[in-house]
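Undergrad: Predicted model follows, preceded by the sequence.
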Amino acid sequence: MNNNRKIVLPGERISDKKLYLPNTFVEGEETFAAVIGMLDEEGKYIPLESRYKPLQEDTLVGIVTDVRHAGYSVDINLSSPAFISSKDFRVELNLGDIVSCKVGQVYEVGDVDFAEVKKLPPGKVIHYPPAKVPRLIGRKSSMINLIREHAGGDIIVGNNGYVWISETSNIPLALKTINIIIQKAHMSGLTDEIAQFLKNQTGESKISAQTGE
Amino acid sequence: MGGHSDLKLLVNGKRLDGRTQFDLRPIRVEVGVLHDADGSAFVEWGKNKVICGIYGPRECIPRHGADPYKAVLKCRYMMAPFSSLEEHGRSGPNRRSTELSKVIREVFENLIIVENYPRTQIDIFVDVLQSDGGTRTTCVTAAAAALANAGIPMRDMASAVAVGKADDTLVVDLAKEEDNFGQCDMPVAFSYRKKDILLLQMDGLLTRQEIETLLNEAEKASEKVYVKQADALKKVYDSKEEKFKM
Amino acid sequence: MPEEFKDLIMSHLKRDALVSSLKKGVRFDERAFDEFRKIEIQKNVIKNAEGSALVKLGNTQVLVGVKFDIVTPYSDRPDEGTLVTNAELLPLANSSFETGPPHEYSIELARVLDRGIRSAECVDVKSFFVEDGKVLGLYIDIYVLDHAGNYTDASGIAAIAALTDTRMPKVEDGKIIRTESKGKLQLKSLPITVSSIKVDNFWLVDPNIEEELAMDCRVTIATTDKHVAAVQKGKGSLTKKEFLDNLDIAFKRSSDIRKML
């Protein structure tokens, strides 16, 4: 943790102006943190733990939890499943299918329109802290491309905190890498550290492949 | 309370465990101790050991119990059958645990921004693994840390401590013997920013002046408790991860 | 095991990915098929109890507390103490665990471990006699704090670890003096449970939660040095050969674990 960054707890004042940011609240003329977060060098508030709230254009990964004739219930890490109407999405889905989609219109908490719904091939879906999604993607997707490159297959990061890793990937390697990012998401210089880690790991796995381990 | 004993609780200003009148017992807070819970905390306070897990906001069950405008808060306080030095306890809720579940829930109804999550529920599970007097204030302290660890939006933090009177002396943070054989026990929880009273219970006899003194001391003590909670919450973001030790 | 817990839905596509990885000989956490997750044992964590242990098996955490009380013996065994094993799947341990009366899984867990401890004659209940009409009752309370798969074996290890930590309380005039003890509880054997599941054609020891969700069959075997003390088949079916293979693994793994106590 850099010295000029500061962790703030729920109820701590983050500005003497009204800011109306997510995960904050305003009282009088001041703004307060509602969840644990970090004030960066410029005094910008970055939540460190938060629940997922859908925003337009978000990419989501979900799992079909119910099939009805009007459409599908999909678990997208909200308190109740979202509904994809079969009118909007013509491909037939089955219980347990993994899908990716974009968030269209957001009406109120929980009510969301979907666009670009796609059924994904077999893979592993993991739960990842939604507040830390930007670090997993990285600037211009630098971090996630780095992992894709070393792990082989495809990875889709949902802003909702569900991450799909294709079965063609080196899943154990992807998991280990993502765990490091979870633990160090608030630290700087992470992309370089991960690059080094992946380099070492894939070096090792090549050696163990040769010895037949 | 009101138990009869020849036990002297204070000798020359020193309490049985060597503390002076307004000292707190050692307190250790750790957060993120559970893997599946959305947030969690472990608090060791004197010999008390309490673990708290938070789940939610999640779908409200039963559905007809949901509130269309806000999240419903649920709390379950339980004592493990092996938690006390006395005989093996019965498992399952009883009248005492039901009341404590309610007063703990009513602390956090003041703090959590429930309007953000209509039609959902937030569960606070607090389990007393070892008891030593002051379990409810330990539980409030653990639950506040666990809720912050879960990223549940709150307007303030809560920190609690029991104050009271033993051997005609006003004391802060009653140990088990002081709780059992003392004259008065008054658990209090304060919010940190606003200094609102979030939990207040009392039994025994006190004058108005004594109550005022005790509330002032409880407020000061709760700020020390807050420091422990804050340190634990911030420690998660230090580079070195330490293993959870019970 | 939680194959029926409500909101743990195993996506068939997740299962497909797991099976295809197992076909390559790889578990997602890179363990060998007959390998346990990391086991950590902390004893004497609850000083108010006569014995206790916290066991971490990977991310699964189980706390066991052991207490003695003076109780009335069963009328058909007036000179023997009693042994009661109880298990709680605490709602804070997993989002699928609910409040309310004990679930069939917590009852199964308590009964399987109880059978292992009794059959192996781990504790000598005859030594619990106090006086006519009074014996010591031994309570083993299993608290599943964090469920990330295979809470059965984590509980089994924690129960035995807690028993090895248990002190005999002093008894005077038919009453327990809890602050004084007269030595450790003597144990005749250390039964340890080992659970395996079958996913597709593969048997996996000590399954984590996602492997459990994909399981077709489960078997739990409690063994001592030489004997099998209890067996419980959960979901599914298996062949005689599969069971005997698992038995061999159970003897090996339980012997490794016993050394850690």
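TA: Received the coordinates, thanks.
Undergrad: what's the neighbour count on C:Phe129?
TA: A count of neighbours around C:Phe129, defined by other CB atoms under 10 Å in any protein chain shown, yields 15. Every C-beta, even on glycine, is put in place using the N, C-alpha and C of the backbone.
Undergrad: Settle this for me: it is touching C:Val71, isn't it.
TA: No - judged on CB atoms under 8 Å, C:Phe129 makes no contact with C:Val71 at a distance of 11.6 Å.
Undergrad: Point out the residues in chain A that sit beside chain C.
TA: Residues of chain A lying close to chain C (CB under 8 Å from any CB of the partner chain) are A:63-65, A:75, A:94-98, A:120-125, A:165-167, A:171-172, A:175.
Undergrad: ok, 7 Å please
TA: Within chain A, the residues that sit near chain C (CB under 7 Å from any CB of the partner chain) are A:63, A:65, A:96-98, A:122-125, A:167, A:171-172, A:175.
Undergrad: partners of the least confident helix or strand in chain B by mean pLDDT, with directions?
TA: Taking mean pLDDT, DSSP states H and E as the measure, the helices and strands of chain B show their lowest mean at strand B:10-11, namely a mean of 88. Taking DSSP bridges as the criterion, strand B:10-11 sits next to strand B:14-15 (antiparallel) in its sheet.
Undergrad: Give me the next element, helix or strand, following the strand it pairs with.
TA: For strand B:14-15, the following helix or strand on the C-terminal side (DSSP states H and E) is strand B:27-31.
Undergrad: what's downstream of that next one, the next helix or strand?
TA: Elements were assigned by DSSP H and E; along the chain past strand B:27-31, the next helix or strand is strand B:39-45.
Undergrad: quick one: that next one to strand B:27-31, angle?
TA: Using axes from the mean of the first three to the mean of the last three CA atoms, to 10 degrees, one finds that strand B:39-45 and strand B:27-31 are set 170 degrees apart in direction.
Undergrad: so A:Gly203 sits in a strand?
TA: No - using DSSP: H, G, I helix; E, B strand; the rest coil, the secondary structure at A:Gly203 is helix, not a strand.
Undergrad: what separates it from B:Ala71, distance-wise?
TA: When CB to CB, to the nearest Å is the yardstick, A:Gly203 and B:Ala71 sit 49 Å from each other.
Undergrad: Between those two, tell me which one has more neighbours.
TA: In this comparison of A:Gly203 against B:Ala71, neighbours counted by other CB under 10 Å, the higher total goes to B:Ala71 at 24 against 9.
Undergrad: who's in contact with the more buried one?
TA: Taking CB atoms under 7 Å, 6 or more residues apart in numbering or on different chains as the criterion, B:Ala71 is in contact with B:57, B:114, B:117, B:120-122.
Undergrad: and chain A, which residues reach chain B?
TA: Looking at chain B, the residues of chain A close enough under CB under 7 Å from any CB are A:1, A:7, A:9-11, A:23, A:25, A:34-36, A:48-51, A:79-80, A:109, A:131, A:183, A:186-187.
Undergrad: Now restrict those residues to buried residues only.
TA: Buried members of the residues of chain A next to chain B, counted by 16 or more other CB atoms under 10 Å in any protein chain shown: A:7, A:9-11, A:23, A:25, A:34-36, A:48-51, A:79-80, A:109, A:131, A:186-187.
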